[in-house]
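J.: Provided below for reference: sequence and predicted model.
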Amino acid sequence: MFKYEMHCHTQETSKCSRIAGADLIDFYHSLGYTGVVITDHFFNGNTTVPAELPWAERVELFAEGYRAAKRRGDEIGVDVFFGWEFAEKGSHFLTYGLGVDWLCANEDCDKLSTNEYCDRVHASGGFIVQAHPFRTPGKRDMIRLLPHKVDAVEIVNASRMSFENQMAALYAAQYSLCRFCGSDTHSNVIPRLAAIGMEMRAASAADILAAVIRGECAPILLARGEAGVWYEVNEFTEE
């Protein structure tokens, strides 16, 4: 199957990332991935973009990680698509289907409440996935679920504990939400990955989302074994 990473961060744009966009693509290329969606932290998250700059300059800086990844992807045959991760009160929402032009035209969208933000994204045809909905540490004071505002739930996040993913899967099933997965990659020194697998190559991120909606894709789970060798697993277990 064609493998796609849907949730990852570049050093250029996300403060918490330890890998540059080009190196990130090299990492996924070495594992046979077909495509990667760059979802750097937006202005209300852990971004490298200074808040005092004019909006247009901020958007240009925000796209640097994606563009570095895209240049490398074009060189070596990995498809690279654009997305981002919106945050409010410790809850994170992956946004797909919109581009840099939309961000330029929606100044101060980072100041919107999550409900307002979801409505605006949907009005423009965007797609929203609640990332790691049962993550509890850090700045998050409570678990916030928005089943009537999101399109899908990240039921597998490779960086989370297995019980958190199990709760996310139950949440998605109970509300009939699309099932999503991603690695939440911030480095190439990680123990496991979660890809979306498709039988046909996607021409755009919209093709991947359409397959998710139709249920025509499957999670592909990878774990790093001894000597750094990666292999597929049926499920993640705690180490």
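T.: Noted; the coordinates are in hand. Since the structure is predicted, the reported quantities are computational estimates derived from the model, not experimental observations. Numbers count the residues shown, from 1 in each chain.
J.: every contact and neighbour count from this point should use C-alpha atoms.
T.: OK.
J.: now the helices for the chain?
T.: Counting by DSSP state H, residue ranges of the helices within the chain are 21-30, 55-62, 64-76, 100-105, 114-123, 162-174, 205-214.
J.: can you tell me which of the ones you listed is nearest to Glu12?
T.: Glu12 sits nearest to helix 64-76 of all these, at 4.9 Å, using CA to CA.
J.: before we move on, the earlier item: dump the helices of the chain to CSV, plus mean neighbour count and distance to Ile196.
T.: As requested, those are exported to CSV (neighbours: other CA atoms under 10 Å; distance: least, CA to CA, whole Å):
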stretch, mean neighbour count, distance to Ile196
helix 21-30, 20, 13
helix 55-62, 17, 25
helix 64-76, 19, 18
helix 100-105, 14, 24
helix 114-123, 16, 22
helix 162-174, 17, 15
helix 205-214, 17, 8
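J.: may I see these arranged in a markdown table, with mean pLDDT as well?
T.: Shown next, in a markdown table, are those (pLDDT from 0 to 100):
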| stretch | mean pLDDT |
| --- | --- |
| helix 21-30 | 98 |
| helix 55-62 | 98 |
| helix 64-76 | 98 |
| helix 100-105 | 98 |
| helix 114-123 | 98 |
| helix 162-174 | 95 |
| helix 205-214 | 96 |
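J.: to Gly225, which of these lies closest?
T.: helix 21-30 (15.4 Å).
J.: and the angle from the closest one to helix 64-76?
T.: 40 degrees (axes from the mean of the first three to the mean of the last three CA atoms, to 10 degrees).
J.: and helix 21-30, what does it pack against?
T.: helix 64-76 (3 or more CA pairs under 8 Å, 6 or more residues apart in numbering; DSSP states H and E).
J.: which neighbouring elements make contact with the helix it packs on?
T.: Packed against helix 64-76, as judged by 3+ CA pairs under 8 Å, 6+ apart, are the following elements: helix 21-30, strand 35-41, strand 79-88.
J.: what's the closest of those to Tyr117?
T.: That would be, of the helices and strands packed on helix 64-76 and by CA to CA, strand 79-88, which comes in at 8.8 Å.
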